[in-house]
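A.B. asks: here are the coordinates; sequence isn't available:
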Ligand code: AMP
Ligand code: GLY
């Protein structure tokens with residue numbers, strides 16, 4: 001069996017390792033991949049967003065599966081084109097990936113099907129948006145670009161000045177191009193955040209182990225928003241009672257809504273949830289595995305991922321039992337100094353073995369390159385040091401002890417990943 005994975009970050013490395021562990025023993029390919037992935041899969045220099053290039057590559061490799069991991073190719077229709085060319089894919093078609101590709105689509109879907117989410121209005125005119133903000137006069141207020149904006153399209157404005165600035169930069173200055181010509185202004189929600197990834201074949205939804213991301217760059221949730229600086233799983237705030245409520249009020253209704261709209265969602269649907277005092281509400285949907293959530297969720301999966309992919313493709317997920325290890329996982333992201341703004345690349349990474357690994361943990365590579373028998377940094381988020389354990393404390397200790405063995409110039413990481421999760425467990 002041959003499998004081609006599209007993408008080249010820590011998430012893709014975690015997917016590759018899960019596939020590598022299958023007893024079906026697949027031959028693995030990745031495009032574009034990265035330094036760490038290249039030690040386990042044959043990598044090709046084709047951009048993740050290059051749809052014709054990827055179809056051509058698939059025609060050369062003739063894989064049994066193409067696993068499309070990132071959001072932009074899915075939203076642009078890569079799964080559609082690969083399927084047309086005769087390939088089985090894991091990942092939704094464009095008409096379903098729009099659940100992440102357009103915030104207006106997802107908010108309207110939730111409104112129509114009464115799925116709990118923050119109140120909102122949509123604007124394409126900055127004067128009307130500003131008039132609305134002044135009339136509301138409640139801060140913080142949340143301003144979101146409609147389309148994909150590299151994870152930067154959400155602004156939590158603390159006052160009128162910031163809100164007006166955000167609206168103008170998005171609509172008038174087209175900060176994110178066409179992505180921000182339409183915006184959503186949304187109610188600010190409070191409470192612990194939970195990420196729940198799920199497998200779905202369009203009819204049945206199977207939630208994975210819950211997780212907690214740490215989005216800010218610095219300790220104590222200070223600094224700028226990033227793609228994610230670390231994760232733990234499971235998320236202690238996500239109790240069995242809350243999981244049952246989410247299943248009935250959010251997960252099943254979303255899958256049914258997409259089916260009723262003629263947009264069956266197949267693949268991994270990611271629910272970004274806020275556990276507010278009024279119950280769980282959806283902050284966002286993603287049409288794919290999260291990064292770095294995948295790095296803590298997939299190590300806990302006990303069922304063969306290829307069997308799940310097949311059931312999703314066949315529409316027989318209701319007949320498959322998906323099992324999880326009764327363990328905890330923690331991932332600490334080692335980033336380049338200056339990330340998420342300006343940082344340098346090409347720094348030699350020390351402390352890794354020839355497979356890019358370190359004792360006591362598994363190192364998922366995100367932004368690395370392997371040249372002349374050396375690993376070099378090649379991105380903002382460089383490595384995700386991940387460990388599992390019978391307790392969260394043990395997993396965190398292992399991940400941090402292993403992280404200390406690694407170094408590169410201006411390396412930076414958070415020292416408080418999982419701290420709040422530990423406190424929630426204790427209190
Ligand atoms: P997103 O890019 O949609 O993942 O949003 C980035 C982050 O902004 C989320 O993880 C939340 O922490 C925050 N956020 C988004 N929407 C809201 C909201 N309505 N209320 C409070 N925080 C929010
Ligand atoms: N870690 C958040 C995301 O993947 O969107």
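C.D. replies: Structure received. Since this is a predicted model, take the numbers as computed values, not measurements. Residues are numbered from 1 along each chain as shown. Ligands and ions are numbered 1, 2, ... in the order given.

A.B. asks: To what extent is residue 314 buried, counted in neighbours?
C.D. replies: Residues near residue 314, counting by other Cβ atoms under 10 Å, number 11. Bear in mind the C-beta positions are built from the backbone N, C-alpha and C, glycine included.

A.B. asks: what ranges do the helices span in the stretch 201-350 of the chain?
C.D. replies: Under the criterion DSSP state H, counting those that start in this stretch, helices of the stretch 201-350 of the chain are mapped to 240-246, 252-260, 294-297, 305-314.

A.B. asks: Would you mind finding the most buried of those?
C.D. replies: helix 294-297 (a mean of 31; mean count of other Cβ atoms under 10 Å).

A.B. asks: other SSEs contacting that helix?
C.D. replies: Judged by 3 or more Cβ pairs under 8 Å, 6 or more residues apart in numbering; DSSP states H and E, helix 294-297 is in contact with helix 10-20, strand 230-233, strand 328-336, strand 381-389.

A.B. asks: Can you check which of those gets nearest to ligand 1?
C.D. replies: Among the helices and strands packed on helix 294-297, the nearest to ligand 1 by Cβ to the nearest ligand atom is strand 230-233 (12.5 Å).

A.B. asks: What parts of this structure come near ligand 2?
C.D. replies: 213, 228, 286, 290-291, 293 (Cβ under 6 Å from any ligand atom).

A.B. asks: Filter those down to just the ones in strands.
C.D. replies: Among the residues of the chain next to ligand 2, the residues falling in strands (DSSP state E) are 213, 286.

A.B. asks: Out of the residues of the chain next to ligand 2, which comes closest to residue 413?
C.D. replies: Closest to residue 413 out of those is residue 228 (12.2 Å), distances taken as Cβ to Cβ.

A.B. asks: Just to check, that closest one is in contact with residue 333?
C.D. replies: Yes. If you go by Cβ atoms under 8 Å, residue 228 and residue 333 touch, sitting 6.8 Å apart.

A.B. asks: More neighbours: which of the two?
C.D. replies: Legend: neighbour count by other Cβ under 10 Å for residue 228 and residue 333, higher for residue 333 (30 against 23).

A.B. asks: so who does that one touch?
C.D. replies: 10, 228-230, 292, 366, 381-385, 413-414 (Cβ atoms under 8 Å, 6 or more residues apart in numbering).

A.B. asks: Mind pulling the model confidence for whichever residue of the stretch 251-400 of the chain sits closest to ligand 1?
C.D. replies: Closest approach between the stretch 251-400 of the chain and ligand 1, counting by Cβ to the nearest ligand atom: residue 284, at 3.8 Å. For residue 284, the model assigns a pLDDT of 96.

A.B. asks: Just give me the neighbour total for it.
C.D. replies: By other Cβ under 10 Å, 18 other residues sit near residue 284.

A.B. asks: Not counting residues beside it along the chain, what's closest to it?
C.D. replies: Once flanking residues are discounted, residue 284 sits nearest to residue 272: 4.2 Å by Cβ to Cβ, 6 or more residues apart in numbering.

A.B. asks: so the residue of the stretch 251-400 of the chain closest to ligand 1 makes contact with residue 101?
C.D. replies: No. In this structure, residue 284 is not within contact of residue 101 by Cβ under 8 Å, at 11.6 Å.

A.B. asks: Touching, residue 49 and residue 72? I think so.
C.D. replies: Yes. With contact defined as Cβ under 8 Å, residue 49 counts as touching residue 72 (5.2 Å).
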